[in-house]
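Q: Generate coordinates for the sequence data below:
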Amino acid sequence: MSSQQPIESFIIEEGSVMDPGADRPPASEYFGHLTFTGDVMMRRLPPDVAMSLEATIRKGATLDPAMANTVAAAMKDWAIEHGATHFCHWFHPLTGATAEKHDAFLSVNGDGVAIEKFSGNALIVGEPDASSFPSGGIRDTYEARGYTAWDANSPAFLLTSPDGVTTLCIPTAFVSYTGEALDTKTPLLRSIEAVAKQAMRVLRIFGTDDGVSRVVGTLGCEQEYFLVDRELASERLDLSICGRTLVGAMPPKGHQLDDHYFGAIPARVLSYMTEVETRLFELGVPVKTRHNEVAPGQYEIAPTFESANVAVDHQMVAMHILRQVASSHGFKCLLHEKPFAGINGSGKHVNWSLSTDTGANLLDPQDETHTNMQFLFFLCAVVRAVDLHAELLRSSIASAGNDHRLGANEAPPAIMSIFLGEMLTDILDQVESGKPRSTVKGGTLDLGANTLPLVPRHAGDRNRTSPFAFTGNKFEFRAVGSTAHVAWPTTVLNTIVAESLDAMSTELEKKVGKKPTPAKLESAVRTLLKSVVKKHRRVCFDGDGYSQNWHEEAAGRGLPNLASAADCLSLIGARDTARMFSKYGVMSSREVKARAEVLQEQYCTHLEIEGRTLSTMVRTEILPAAMRAQAELADAVGATQVAGVECPESEEALRLHVAGVAALRQAIAAVDQALQDAPEAVEKRVKHLQSRLVPAMEAVRAASDGLEADMAADCWPMPTYAEMLLIDR
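A: The predicted structure follows:
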């Protein structure tokens with residue numbers, strides 16, 4: 001789990017960590033040395049420029065453009081000293097990935113002399129082609145101009161390829177010629193400012209803003225992933241193209257024994273993890289936790305908390321490094337939500353909180369929580385936000401891949417609910433009935449052996465079946481998929497909480513006026529919180545989210561249950577949603593509608609690619625293999641009959657095999673027909689593919705897996721689940 005602590009304390013506390021058996025310096029000697037921040041700036045920039053850039057990074061201040069040339073020159077020298085020959089503006093288009101266009105530092109001046117050049121203008125602004133990225137209609141193909149703008153709040157870094165080619169990567173926003181956002185970072189930055197503005201407003205109401213200049217959203221993004229042997233993965237077209245297996249019979253052993261979870265990390269995997277961590281430390285990514293996950297071949301990496309913007313950039317860097325390093329250890333890293341049917345899938349738990357620049361966590365309940373009216377205000381604002389905007393929050397994590405995971409035994413259901421735990425639930429009961437008077441204490445656990453210590457017991461348990469759980473001093477958004485770009489769900493979360501804080505603050509200000517007495521403020525806050533709890537605590541649920549009883553109870557409570565991405569992606573472009581984003585300056589109505597269209601197009605494209613891949617595999621690999629197996633079986637039956645020996649069991653096996661092949665042919669024909677019949681209009685295509693293509697593909701899988709289970713091993717044309725998941729590592 002991600003730890004709630006600032007990066008500075010991480011560097012101090014974790015600085016001496018050594019990887020097991022590694023002969024290398026402690027983390028403090030290489031942490032972040034490939035990022036242009038901290039001591040790098042202080043050593044290479046004049047003090048006034050360094051302080052200005054530091055203020056931009058730490059406090060969100062605007063960088064003086066006059067200093068850009070100085071910063072660019074220092075950044076160029078630093079990059080070249082580390083072997084960089086090129087730089088790029090590194091940005092997040094609406095593809096769900098990152099993008100970069102490399103330019104050389106080497107330029108030729110008017111008299112033909114080659115010089116190393118990197119101007120302040122090249123640092124601050126770039127001009128990539130905007131026509132070939134998804135835009136949702138904001139840009140047409142013939143309208144190519146776009147701009148990248150330096151995000152100085154996120155440090156530039158040096159990224160090295162496996163072949164040793166180093167590039168200076170400058171985090172940037174990406175916008176159209178019209179100024180409209182074509183990326184995920186621009187709305188994210190706007191949402192960070194929106195929620196920070198409303199949070200500061202709350203602090204001023206409570207009189208706790210002394211010395212606080214800004215509120216910072218913080219994130220810690222856990223990442224689950226699978227490792228499979230690279231050679232085996234390369235033999236499967238579905239893993240190579242789609243990142244998941246489209247067919248595959250269950251292995252004899254899955255995770256029934258729970259022996260993989262938190263088990264000893266295999267030596268080969270540990271070597272891989274060690275290199276990943278080293279690379280991430282060098283890039284300033286504060287990874288802290290590594291362990292075996294539930295499924296065979298599944299693992300997790302988790303960082304400490306950072307500011308939301310930097311955390312999002314670092315999360316994309318982490319996914320890149322996980323994939324890149326895997327090949328040198330003979331692995332393929334699978335980040336798909338469900339690489340293997342019937343085996344636990346992968347999520348990306350987004351741990352979210354709000355903190356002041358003075359270090360106060362606004363979601364820290366503190367010891368006597370029932371007296372902490374400010375915390376309860378923020379808590380109730382989040383509860384209200386999730387209840388009112390449950391459909392939008394659900395839509396923010398919707399994808400074709402996550403549809404395979406949500407609601408299964410390792411992931412929360414699609415019903416958006418909040419787990420609060422015993423202590424906070426008890427306090428909300430008190431808030432609803434009147435004045436809060438006590439806080440449930442956890443106490444200690446006596447383990448009954450003198451050699452074991454007393455264990456401090458938390459006041460509340462955890463609940464892994466909840467999609468949105470309070471976990472001590474933060475909310476853990478557990479429903480986010482492992483391939484997701486976390487900027488989008490974070491943008492949605494920031495915006496709906498900003499709206500909730502705004503609405504509650506406005507109501508409170510009407511009641512108390514500009515200068516309320518402490519008694520009047522406390523009374524008004526109690527009244528407001530009581531009203532909010534009564535209206536919105538229906539979204540709070542601490543029980544088993546997997547149970548059918550909860551689905552029935554949730555329906556009775558009026559909570560939406562959008563089971564698939566097809567049910568909710570179009571809701572993103574709803575008028576009320578667009579109005580809210582526009583009100584808080586996060587996105588215009590056009591930008592919102594564009595994102596809805598892009599997400600729907602991506603959903604369709606992913607499914608269509610999977611359908612075509614499945615058709616290719618069945619027609620060129622599985623059916624030919626099945627026919628060879630059929631011929632062998634028929635020859636055996638015929639030879640036995642010629643010998644005058646009755647073989648009813650073999651004849652039945654042949655009959656069943658022939659029927660299975662016929663079923664597979666019919667099923668794949670239905671897949672091809674569903675692809676052919678897909679309408680052009682995106683919303684209709686989404687519904688069509690979900691209702692026709694997905695069931696057809698499931699039918700193909702069932703038919704194919706049935707054949708695989710009965711065919712001779714040397715006939716099956718691709719690596720099996722057992723070979724990929726249960727081999728020695």
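
Q: Count the neighbours of Asp714 for me.
A: Using other C-beta atoms under 10 Å, the number of residues around Asp714 comes to 8. For glycine as for every other residue, the C-beta is placed from the backbone atoms N, C-alpha and C.

Q: Please disregard the earlier target; I meant Ala149.
A: Ala149: 16 neighbours (other C-beta under 10 Å).

Q: doesn't it fall inside a strand?
A: Yes: looking at Ala149 with DSSP: H, G, I helix; E, B strand; the rest coil, it is inside a strand.

Q: Check whether it really touches Thr172, as I assumed.
A: Yes: counting by C-beta atoms under 8 Å, Thr172 is a contact partner of Ala149 at 5.7 Å.

Q: In space, what's closest to Gly136 - neighbours in sequence excluded?
A: Nearest non-adjacent residue to Gly136, counting by C-beta to C-beta, 6 or more residues apart in numbering: Ala594, 2.7 Å away.

Q: my guess is that neighbour meets Ser135, correct?
A: Yes: using C-beta under 8 Å, Ala594 is in contact with Ser135, at 6.2 Å.

Q: joint contacts of those two?
A: Listed contacts common to Ala594 and Ser135 are Leu94; contacts here mean C-beta atoms under 8 Å, 6 or more residues apart in numbering.

Q: ok, back up a step: which secondary structure state does the residue nearest to Gly136 sit in?
A: Per three-state DSSP, Ala594 ends up helix.

Q: mind checking pLDDT for it?
A: Looking at Ala594, its pLDDT is 94.

Q: same thing with Met18?
A: 31.

Q: Any regions of the protein where pLDDT drops low?
A: 1-30, 60, 108-116, 407-411, 451, 454, 456-460, 727-729 (pLDDT under 70).

Q: how about a cut-off of 80?
A: 1-30, 38, 55-65, 106-117, 140-144, 254-260, 407-412, 441-463, 514-515, 727-729 (pLDDT under 80).

Q: Farthest from the middle of it: give me that residue.
A: Gly644 (64.1 Å; C-alpha atoms, centre = their mean).

Q: how about it, phi and psi?
A: Dihedral angles of Gly644 (phi, psi; degrees, to the nearest 10) stand at phi 80, psi 20.

Q: Return the distance of it relative to Leu501.
A: Separation of Gly644 from Leu501 (C-beta to C-beta, to the nearest Å): 86 Å.

Q: What of Ile572?
A: 22 Å.

Q: before we move on, what about Ala663?
A: 56 Å.

Q: And for Arg462?
A: Counting by C-beta to C-beta, the gap from Arg462 to Leu501 is 26 Å.

Q: Who has more neighbours out of those two?
A: Leu501 (25 against 15).

Q: Now do the SS call for the more buried one.
A: helix.

Q: How about Leu189?
A: Once three-state DSSP is applied, Leu189 turns out helix.

Q: cool, and Lys515?
A: Assignment for Lys515 (three-state DSSP): coil.

Q: Burial check on Ser505, number of neighbours?
A: 19.
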